[in-house]
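1. need a structure here:
(one chain, ligands or ions: 1)
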Amino acid sequence: MSSLVWVELDAHSPDHNLAEIRRSNNFNGLHCAVVKSNAYGHGVSEILPLLTTADWLAVNSLEEGLELRSMGEKRPVLLLGHVPLHRIEEAREADLRIIICNFETLKAVRELPVSRMEKKIHLHIKVETGTWRQGVLPDDVVPMAREITEISGAVLDGIYTHFANIEDTLSHQYAEMQLNTFQKVLDDLKKENLTPPVIHTACTAAAILFSKTHFSMIRTGIGLYGLWPSRETRLSAETSECRLPDLRPVLSWKTRIVQIKEVPAGSYIGYGGTHRTTRNSRIAVLPVGYADGYRRSVGNTGWVLIAGSRSPVLGRVCMNLCMVDVTDIHGAHLEDEVVLLGRSGSEEVTAEMLGQWMDTINYEVVTGISPLLPRKVTKGA
Ligand SMILES: Cc1ncc(COP(=O)(O)O)c(C=O)c1O
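-> Take a look at the predicted model:
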């Protein structure tokens, strides 16, 4: 690896994690892997070939869906975000399934020109059950479903919802309320003989915790990358009936030392002089900064790993550089490998630790890693 900052992806972990999530609650239906936002920052072109057991894929935008098709991806792809009305035809021609969460999109579907390739557009109604983001009000679902069945070029393929408060809590009444609302909509559709084939609600936390959220497909993101949605989800899982999945982080983030210098006691390190050395110190300069997603807030808070030892980040993280203390790491040399996220010897920096240092969640940590950094797939143990 010639780059000075890079991401490593463990080849076996994505499929392993998918299997673990399925096993946690004995799920045998379809598994949709959420690979939006560059596969949660992991690198979508590198992750896709590693997801051999995912049945479906979900991304956010039309552009992301078209990118999957340009990579030769043949699996069903669901676009979770809004497709501009004037581009719905492109989604249809690329066999990308779209969500319906308003009547304007449905009108645009009705007015689509007939497909020259005789393609139908596959639609998934998103039901508003309490997230108050995208979604159709429950009372509008049956009329909408009926209207879809009357459009000759459209197929009512699925119906779904998304939980608002399943990761942040140990008490799941809100999720229960959302599920009840969704179930009532399903009952109404059934009475009218309008039930679509693919029914899905479960993100990672729901898939692990509650088999009643599974329906015909689960739609998991963070878990397939080997990360727990939250500490609360893990605690809920530990105290529930499910088999605790062995989630293995897919991603490590690494760099190399680009300078080592002796710094006298009393020196101010970096912009703003926010750290002052209290002893004669050895400082290693790393070529990584907030432009790479290694946020400014890690300065004076977090640490990196060098040869299995923790090395604190001193002073502010700059745009492209940061400084770490290697005074006590006698073997540290120019161009030695440094772990920003991942394991070194018996030490580990997790996405959750970085999340604490950055005052955010593991989702944002990995999604924030610059797409410009090279991704390398490794075939470890
Ligand atoms: C609509 C939808 N479904 C599924 C997911 C996957 O959630 P998770 O990463 O918690 O599994 C997301 C994530 O943002 C989402 O927005």
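2. now the helices for this protein?
-> Taking DSSP state H, the helices of the chain run over residues 13-24, 36-40, 44-47, 62-70, 88-93, 103-110, 138-149, 173-191, 204-209, 231-238, 351-357, 362-367.
3. Tell me which other helices or strands the third one touches.
-> Using 3 or more C-beta pairs under 8 Å, 6 or more residues apart in numbering; DSSP states H and E as the contact test, the elements touching helix 44-47 are helix 36-40, helix 62-70, strand 375-378. C-beta: built from backbone N, CA, C; applies to glycine.
4. elements contacting the first one?
-> Contacts of helix 36-40 with other secondary structure elements, assessed using 3+ C-beta pairs under 8 Å, 6+ apart, are made with helix 44-47, helix 362-367.
5. now it: how far from the chain's centre is it?
-> Remark: helix 36-40 is offset 6 Å from the chain centroid, using C-alpha atoms, centre = their mean, to the nearest Å.
6. Flag every residue of this structure that's near the ligand.
-> Taking C-beta under 6 Å from any ligand atom as the criterion, the neighbours of the ligand within the chain are 34, 80, 162, 203-205, 219-223, 229.
7. Below-threshold pLDDT in this protein: ranges please.
-> Residues of the chain meeting the criterion pLDDT under 70: 1, 381.
8. In it, what residue comes closest to the ligand?
-> When C-beta to the nearest ligand atom is the measure, the chain has its nearest residue to the ligand at residue 221, with 2.6 Å between them.
9. Quick one: residues contacting that residue.
-> For residue 221, the contacting residues are 33-36, 40, 203-204, taking C-beta atoms under 8 Å, 6 or more residues apart in numbering as the criterion.
10. same thing but 7 Å
-> When contacts are counted by C-beta atoms under 7 Å, 6 or more residues apart in numbering, residue 221 is found next to 34, 40, 203-204.
11. Then residue 261?
-> residue 283.
12. Same question for residue 82.
-> With contact taken as C-beta under 7 Å, 6+ apart, residue 82 is in contact with no other residue.
13. One more: residue 12?
-> Contacts for residue 12 (C-beta under 7 Å, 6+ apart) come out as none.
14. roughly how far apart are it and residue 109?
-> Noted for residue 12: a distance of 41 Å to residue 109, by C-beta to C-beta, to the nearest Å.
15. for residue 115, same thing?
-> As it turns out, when the distance is counted by C-beta to C-beta, residue 115 lies 12 Å from residue 109.
16. got the domain boundaries for the protein?
-> Using automatic domain parsing, the domain ranges for the chain come out as 12-238, 251-378.
17. CSV please, covering those and showing distance to residue 4.
-> What follows is those, written out as CSV (distance: least, C-beta to C-beta, whole Å):
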stretch, distance to residue 4
domain 12-238, 17
domain 251-378, 5
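18. ok, so of the residues of the chain next to the ligand, who is nearest residue 95?
-> Distance from residue 95 was checked for each of those by C-beta to C-beta. The minimum falls on residue 80, at 16.0 Å.
19. Quick one: the contacts of residue 221 as CSV, columns for neighbour count too.
-> Written out in CSV, the entries for these read as follows (neighbours: other C-beta atoms under 10 Å):
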residue, neighbour count
34, 24
40, 26
203, 22
204, 28
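20. ok, now which ones touch the nearest residue to residue 90 once chain neighbours are set aside?
-> In space, not counting the residues next to it along the chain, residue 90 is nearest to residue 62; the distance is 6.5 Å by C-beta to C-beta, 6 or more residues apart in numbering. Applying C-beta under 7 Å, 6+ apart to residue 62 gives the contacts 79, 83, 87, 90-91, 96.
21. higher neighbour count, residue 115 and residue 109?
-> Set side by side, residue 115 and residue 109 show more neighbours around residue 109, with 23 against 13, by other C-beta atoms under 10 Å.
22. Does the more buried one touch residue 121 like I think?
-> Yes - taking C-beta atoms under 7 Å as the contact criterion, residue 109 and residue 121 are neighbours in contact, 6.0 Å apart.
23. contacting residues around the nearest residue to residue 197 once chain neighbours are set aside?
-> The shortest distance from residue 197 to any residue that is not its chain neighbour, by C-beta to C-beta, 6+ apart, is 6.6 Å, and that residue is residue 157. Contacts for residue 157 were tallied using C-beta under 7 Å, 6+ apart; they are 97, 122-124, 196-198.
24. let's see it at 6 Å
-> Under the criterion of C-beta atoms under 6 Å, 6 or more residues apart in numbering, the neighbours of residue 157 are 97, 122, 124, 196, 198.
25. Neighbour count added to those, as TSV?
-> Rendered in TSV, the data for those read as follows (neighbours: other C-beta under 10 Å):
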residue	neighbour count
97	22
122	20
124	22
196	21
198	21
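26. And for residue 74, the neighbour number?
-> Other residues near residue 74 number 8, with proximity taken as other C-beta under 10 Å.
27. circling back: farthest-apart pair in the contacts of residue 221, please.
-> Using C-beta to C-beta, those reach their maximum pairwise distance at 40 and 203, which is 12.4 Å.
28. number of nearby residues for the closest residue to residue 7 other than its chain neighbours?
-> Nearest residue to residue 7, sequence neighbours excluded (C-beta to C-beta, 6+ apart): residue 375, at 4.8 Å. Counted with other C-beta under 10 Å, residues neighbouring residue 375 total 20.
29. List the contacts of residue 375.
-> With contacts taken as C-beta under 6 Å, 6+ apart, residue 375 has the following neighbours: 7, 9, 43, 46.
30. likewise residue 142?
-> Per C-beta under 6 Å, 6+ apart, neighbours of residue 142: 188, 192.
31. residues contacting the spatially most central residue of the chain?
-> The central residue of the chain, meaning the one whose C-alpha is nearest the mean C-alpha position (C-alpha atoms, centre = their mean), is residue 40 at 3.5 Å. Contact partners of residue 40, counting by C-beta under 6 Å, 6+ apart, are 225, 366-367.
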